[in-house]
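# for reference, the sequence and a predicted model appear below.
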Amino acid sequence: MRITVIGTGYLGAVHAAGMASFGHDVMGVDVDAAKIDQLSRGLTPFFEPGLQDLLRENIAAGRLKFSTSLEEAAGFGDVHFICVGTPQSPNSTAADMRFVDAVVQGLAPHLKKPCLLVGKSTVPVGTAARLSEMAARLAPSGTQVNVAWNPEFLREGFAVEDTLHPDRLVIGVTSADDESILREVYAPVLAAGTPFISTDLATAELVKVSANAFLATKISFINAIADICEAAGADIMPLAAALGHDSRIGSRFLAPGVGFGGGCLPKDIRAFMARAEELGVGESLDFLKNVDRINVSRPASAVDLARDMLGGSLMNRRVAVLGAAFKPNSDDVRDSQALKVAKALQAQGAHVRVHDPEAVDNARAVYPTLNYTHEADKAFEGAELTVHLTEWSQYRQLDPTHLLGLVTSPRILDARNTLDIDHWRSAGWTVRAMGRPSR
């Protein structure tokens with residue numbers, strides 16, 4: 001099958017390579033000529049484990065190419081996947097739909113054969129129906145253009161695995177023929193026994209944002225309990241473990257710490273609330289206001305703990321920050337809680353040096369006034385306090401005994417609760433962790 005993937009960011013680039021690996025002829029399309037040039041040469045414009053190998057393999061096999069032309073894409077594809085961003089609107093908490101709309105506006109007038117537009121972007125419910133009307137209005141007379149929705153459930157850092165071996169496939173369609181087309185697109189995945197849910201357009205649109213709202217709620221819930229643990233002298237880690245053994249709750253996303261960030265959860269729950277208000281049922285999602293409020297407060301909580309560990313003032317104190325990406329195995333710094341903490345530490349007078357295995361260059365572009373290093377040891381040199389903010393596996397493997405010789409004072413705040421704090425304490429470090437009693 002001939003497939004186009006429009007938008008080659010974290011979602012689209014991985015999806016294009018994945019579709020090619022399924023044996024389809026694929027064209028990735030983007031308005032960013034520099035990005036298309038990189039991808040055409042088998043280079044990834046961002047860090048995603050496994051993507052570069054998959055990209056090069058399928059380019060070499062002749063199944064994957066890239067273009068900046070929607071007109072070329074219209075003539076090439078039978079199925080067009082829409083994978084562009086839906087950021088928060090600059091003027092409200094609603095989703096900014098300009099990029100999604102631009103795809104249809106740019107593609108539809110060039111369509112000369114029947115095709116299926118398949119949205120994968122996270123959008124407000126009702127978008128697919130609106131785009132269907134737009135495509136019908138803009139496409140040449142007599143050209144049949146159908147719209148389906150196929151929400152993505154990719155985790156940055158595991159996007160290749162999630163594309164090739166998803167835990168479920170959800171499609172929203174308006175006809176059995178469209179379902180049949182998508183079954184053909186995903187034939188290798190379905191042959192492996194992946195659960196397949198076919199539903200209407202609106203339900204498919206709601207699945208992704210509902211999943212994100214639930215996960216965000218779970219994270220903010222455990223962080224709220226962490227605050228109570230700190231006040232009561234209890235320990236959030238065994239408490240979270242006990243909750244996780246309840247099969248009705250589960251352990252995933254019960255990770256107390258500095259909260260969630262990235263390009264999805266924060267803006268998606270706000271857009272969900274905004275759309276609910278438009279539909280007249282805003283009160284049904286009132287609880288998400290507290291989910292968002294708790295998450296927004298987490299960086300300040302980490303800064304408060306850091307200041308307390310330094311005797312009540314951060315002024316002119318040297319602080320090492322471990323992590324800039326919003327999560328490990330990614331160089332994405334969008335809405336990064338780690339960088340928010342680093343910036344807040346600096347705003348209170350600290351001299352901050354940030355390390356991250358992959359995200360230093362992206363972080364520097366967002367917060368150029370912070371100091372950065374590509375070497376972990378350099379971050380520790382002369383530090384009076386270390387703050388662990390992104391749960392990279394490299395940080396769990398650090399040798400606290402070796403680091404004693406680099407720092408001025410062996411203090412560390414584990415704001416992600418993933419370090420072996422007993423190991424660090426036995427090496428001579430003073431350790432605090434969010435939601436855990438101090439010793």
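Arrived safely, thanks for sending.
# burial of Val296, as a residue count?
14 (other CB atoms under 10 Å). Every C-beta, even on glycine, is put in place using the N, C-alpha and C of the backbone.
# for Arg2, that is, sorry about that
Neighbour number of Arg2 under other CB under 10 Å is 14.
# longest helix in this structure, by residue count?
Using DSSP state H to define each element, the chain has its longest helix at helix 201-232.
# isn't Phe196 right up against Val173?
No. Look at Phe196 against Val173 with CB atoms under 8 Å: they stay out of range, at 11.8 Å.
# pick out whichever of these two has more residues nearby.
Val173 (24 against 15).
# for the more buried one, which residues are in contact?
Ala148, Glu179, Leu182, Ser198, Asp200, Leu201 (CB atoms under 8 Å, 6 or more residues apart in numbering).
# pLDDT and neighbour count for these - can I get that in CSV?
Putting those into CSV (pLDDT from 0 to 100; neighbours: other CB atoms under 10 Å) gives the following:
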residue, pLDDT, neighbour count
Ala148, 98, 24
Glu179, 98, 16
Leu182, 98, 21
Ser198, 98, 17
Asp200, 98, 14
Leu201, 98, 22
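# farthest-separated two in the residues you listed?
Leu182 and Asp200 (13.9 Å; CB to CB).
# show me the contacts for Pro87.
Taking CB under 8 Å, 6+ apart, we find Pro87 in contact with Ala95, Asp96, Gly263, Lys267.
# distance of it from Ala232?
39 Å (CB to CB, to the nearest Å).
# and for Glu384?
Glu384 sits 29 Å away from Ala232, going by CB to CB.
# between the two, which is the more surrounded one?
Glu384 (20 against 9).
# residues contacting the more buried one?
Leu310, Arg317, Arg318, Val319, Val407, Thr408, Ser409, Arg411.
# of these, which is the nearest to Val296?
Closest to Val296, out of all of the contacts of Glu384 and judged by CB to CB, is Val319, at 21.7 Å.
# so what's that closest one closest to, chain neighbours aside?
In space, and not counting its chain neighbours, Val319 is closest to Ala350: 4.6 Å by CB to CB, 6 or more residues apart in numbering.
# number of nearby residues for that neighbour?
Neighbour count for Ala350, taken as other CB under 10 Å: 25.
# burial of Ile228, as a residue count?
Neighbours of Ile228 (other CB under 10 Å): 12.
# where does the spatially closest residue to Gly9 that is not a sequence neighbour land on pLDDT?
Spatial nearest neighbour of Gly9, excluding adjacent residues (CB to CB, 6+ apart): Gly85 at 6.3 Å. As predicted, Gly85 sits at a pLDDT of 95.
# can you classify Gly85 by secondary structure?
coil (DSSP: H, G, I helix; E, B strand; the rest coil).
# and Phe158, how far from Phe221?
With the distance defined as CB to CB, Phe158 ends up 23 Å from Phe221.
# residues in contact with Phe76?
Counting by CB under 8 Å, 6+ apart, Phe76 makes contact with Arg2, Thr4, Met27.
# what would the residues you listed look like in JSON lines with distance to Glu48 and pLDDT?
As requested, these are exported to JSON lines (distance: CB to CB, whole Å; pLDDT from 0 to 100):
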{"residue": "Arg2", "distance to Glu48": "25", "pLDDT": "98"}
{"residue": "Thr4", "distance to Glu48": "20", "pLDDT": "98"}
{"residue": "Met27", "distance to Glu48": "20", "pLDDT": "98"}
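# restricted to strands, list those.
Among the contacts of Phe76, the ones falling in strands (DSSP state E) are Arg2, Thr4, Met27.
# for the last one, list each beta-bridge partner.
This points to Met27. Met27 forms beta bridges with Thr4, Lys65, as assigned by DSSP bridges.
# surely it meets Thr8?
No. The pair Met27 / Thr8 is not scored as a contact, 10.4 Å apart, by CB under 8 Å.
# now for these two: what residues contact both?
Common contact partners of Met27 and Thr8 (CB under 8 Å, 6+ apart): Ala16, Phe66.
# got the buried residues for stretch 420-429?
Across stretch 420-429, burial judged by 16 or more other CB atoms under 10 Å covers Ile421, Trp424, Trp429.
# can you check stretch 392-408 too?
Trp392, Tyr395, Leu398, Pro400, Leu403, Leu406, Val407.
# can you check stretch 52-67 too?
Leu54, Leu55, Arg56, Asn58, Ile59, Arg63, Leu64, Lys65, Phe66, Ser67.
# which of those fall in helices?
Leu54, Leu55, Arg56, Asn58, Ile59.
# Met27 and Thr8: which is more packed in?
The residue with more neighbours, out of Met27 and Thr8, is Thr8; 26 against 22, by other CB under 10 Å.
# quick check: that one is in a helix.
No. Under the criterion used here (three-state DSSP), Thr8 is coil, not part of a helix.
# that one: what's it in contact with?
Ala16, Gly28, Val29, Asp30, Asp32, Lys35, Ile36, Leu39, Pro45, Phe66, Cys83 are the contacts of Thr8 under CB under 8 Å, 6+ apart.
# go again using 6 Å as the cut-off
Neighbouring residues of Thr8 by CB atoms under 6 Å, 6 or more residues apart in numbering: Gly28, Asp30.
# before we move on, the earlier item: dump the contacts of Phe76 to a markdown table, plus distance to Asp331.
Below are these laid out as a markdown table (distance: CB to CB, whole Å):
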| residue | distance to Asp331 |
| --- | --- |
| Arg2 | 32 |
| Thr4 | 26 |
| Met27 | 26 |
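# just the strands in the stretch 251-400 of the chain please.
For the stretch 251-400 of the chain, the strands defined by DSSP state E, counting those that start in this stretch occupy 318-322, 351-355, 371-373, 385-388.
# which of the ones you listed sits most buried?
Stretch with highest mean neighbour count among the strands of the stretch 251-400 of the chain: strand 385-388 (a mean of 29; mean count of other CB atoms under 10 Å).
# dump the C-alpha coordinates for that one into PDB.
Output in PDB follows, covering the C-alpha atoms of strand 385-388 (Å, rounded to 0.1, in the frame of the first residue of the first chain):
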ATOM      1  CA  LEU A 385      23.900  20.300  46.500                       C
ATOM      2  CA  THR A 386      22.900  17.800  43.700                       C
ATOM      3  CA  VAL A 387      19.300  17.600  42.500                       C
ATOM      4  CA  HIS A 388      18.300  14.500  40.600                       C
END
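# one step back: between Phe158 and Phe221, point out the one with more neighbours.
Phe221 (18 against 15).
# give me the low-pLDDT residue ranges for the stretch 101-250 of the chain?
The model of the stretch 101-250 of the chain has no residue with pLDDT under 70.
# quick one, helices of it?
Counting by DSSP state H, counting those that start in this stretch, the stretch 101-250 of the chain has helices at residues 127-138, 159-164, 176-185, 187-191, 201-232, 236-244.
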